[in-house]
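A.B. asks: When you get a sec, could you give me coordinates for this:
(one chain, ligands or ions: 2)
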Amino acid sequence: MSGNTFGKLFTVTSFGESHGLALGCIVDGCPPGLALCEADIQAELDRRKPGQSRYTTQRREADEVKILSGVFEGKTTGTPIGMVIENTDQRSKDYSNIKDQFRPAHADYTYMHKYGVRDYRGGGRSSARETAMRVAAGAVAKKYLQQFLGIKVRGYLSQLGPIIVETVDWAQVDQNPFFCPDASKVPEMEAYMQALNKEGNSIGAKITVVAEGVPPGLGEPIFDRLDADLAHGLMSINAVKGVEIGAGFDAVAQKGTEHRDEMTPDGFLSNHAGGILGGISSGQDIVAHIALKPTSSLHIPGRSIDVNGDAVEVITKGRHDPCVGIRATPIAEAMMAIVLMDHFLRQRGQNGGVVHNMPNITPR
Ligand SMILES: Cc1cc2nc3c(=O)[nH]c(=O)nc-3n(C[C@H](O)[C@H](O)[C@H](O)COP(=O)(O)O)c2cc1C
Ligand SMILES: C=C(O[C@@H]1CC(C(=O)O)=C[C@@H](OP(=O)(O)O)[C@H]1O)C(=O)O
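C.D. replies: Ligands and ions are numbered 1, 2, ... in the order given. This is a model prediction of the structure:
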């Protein structure tokens, strides 16, 4: 299988470049009978699309999705679901002066080493524009998980540079351009981003993503552990430099008595494990955090080399996200939903379902 496909039983293959004609994906493995229409997908795409606030890239794309196949009379048929989005606002000329130069921290240098040729119009295939298709595929998984299993996947911005979010009110997440769950932090974020934009610099961010209602028993014990697959899915998002499940790196400083999630007949007493034990879901909320690096394309000159190996100063024109994390919440949700959907199908294939004759441990 090529590196352009993700998953084992619920697979997502994407194609397309940022400045090409279109982006598309094929979602294979979705069971028949799920009511699905373009509006279901569009609602998720509209959360991710560029050009919606002054704190994101000013490239303006409608990201209007067309479903080409796999849906008949409003329901999935079980055959591959093909979806496509046309690119309309490329402005490739902005990149002509750096076509032979490598932007430090972007993928230009490594793509050239791997392929010996590079689509220098924008980020080409390395542009996070590709994540539109993950969001489209994730919308299918999200809908199935919610409708047939009662699983809800949602996320939020938990840190923007030095600004840490401590209070989570889910109702506020979609009410501001940051996906911030604490409205009282929004003015601080706006002021921070305005100062950053003036400086022409970029900043990192952290996203938290949570799946509620996941039954115990999803996952695999060894290589394809649910946490390993989640880490793969989340780390596969552009600019992600770290993934934590549950306590993550905080576990280093914890003692066993603090970290272990004790159980009572009424449920777990804490969730440091992030809902996964031995690679298998415990029935608690699945909690993951991702760290996104600051955007590499900057108007501030940076030292680099060109295709001949000569020293150059790179200045990137084009339109860029000053903080890529601001738009990453729907993408992280999509990747978590895709992984859970894949493991649900695997569990159904091997065990015929997810309900076992187990003591009734109520998830916290
Ligand atoms: C939602 C989102 C938007 C992004 N926007 C930009 C951007 O405008 N300019 C840029 O240089 N990088 C942007 N990136 C990051 C690049 O796509 C990424 O750094 C590049 O593909 C290299 O991959 P790596 O950072 O994972 O090594 C964005 C990433 C995400 C997730
Ligand atoms: C277009 C989108 O974001 C792009 C992500 C991106 C990058 O390098 O990742 C670089 C910029 O675009 P280009 O490919 O033209 O350089 C962003 O505008 C989008 O998300 O739809």
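A.B. asks: Give me the residue ranges of the stretch 251-364 of the chain where confidence is low.
C.D. replies: Along the stretch 251-364 of the chain, the model assigns pLDDT under 70 to residues 353-364.
A.B. asks: show me where it has strands.
C.D. replies: Taking DSSP state E, counting those that start in this stretch to define them, one finds strands in the stretch 251-364 of the chain at 263-264, 267-268, 276-277, 280-281, 286-292, 302-305, 311-314.
A.B. asks: So which residues make contact with the last one?
C.D. replies: Yep, that's strand 311-314 we're talking about. Under the criterion C-beta atoms under 8 Å, 6 or more residues apart in numbering, residues I98, Q101, F102, R103, P104, P301, G302, R303, S304, I305, D306 lie in contact with strand 311-314. Where you see a C-beta, it was placed from the backbone N, CA and C, and this is true even at glycine.
A.B. asks: Now, of those, which are buried?
C.D. replies: I98, Q101, F102, R103, P104, S304 (16 or more other C-beta atoms under 10 Å).
A.B. asks: The stretch 151-300 of the chain against ligand 2: which residues are in contact?
C.D. replies: Among all residues of the stretch 151-300 of the chain, those adjacent to ligand 2 (criterion: C-beta under 6 Å from any ligand atom) are N238.
A.B. asks: Name the residue of the stretch 151-300 of the chain that lies nearest to ligand 2.
C.D. replies: With distances taken as C-beta to the nearest ligand atom, the stretch 151-300 of the chain approaches ligand 2 most closely at N238, which sits 5.3 Å away.
A.B. asks: what about that residue, which SS state?
C.D. replies: Using DSSP: H, G, I helix; E, B strand; the rest coil, the three-state assignment for N238 comes out as coil.
A.B. asks: try T208
C.D. replies: The three-state label given to T208 by three-state DSSP is strand.
A.B. asks: mind listing what it touches?
C.D. replies: Contacts for T208 (C-beta under 8 Å, 6+ apart) come out as G155, Y156, S158, V287, A288, H289.
A.B. asks: Bridge partners for it, pull those for me.
C.D. replies: For T208, the beta-bridge assignment (DSSP bridges) gives partners Y156, H289.
A.B. asks: what does the one 4 residues further on give?
C.D. replies: E212 has these beta-bridge partners by DSSP bridges: K152.
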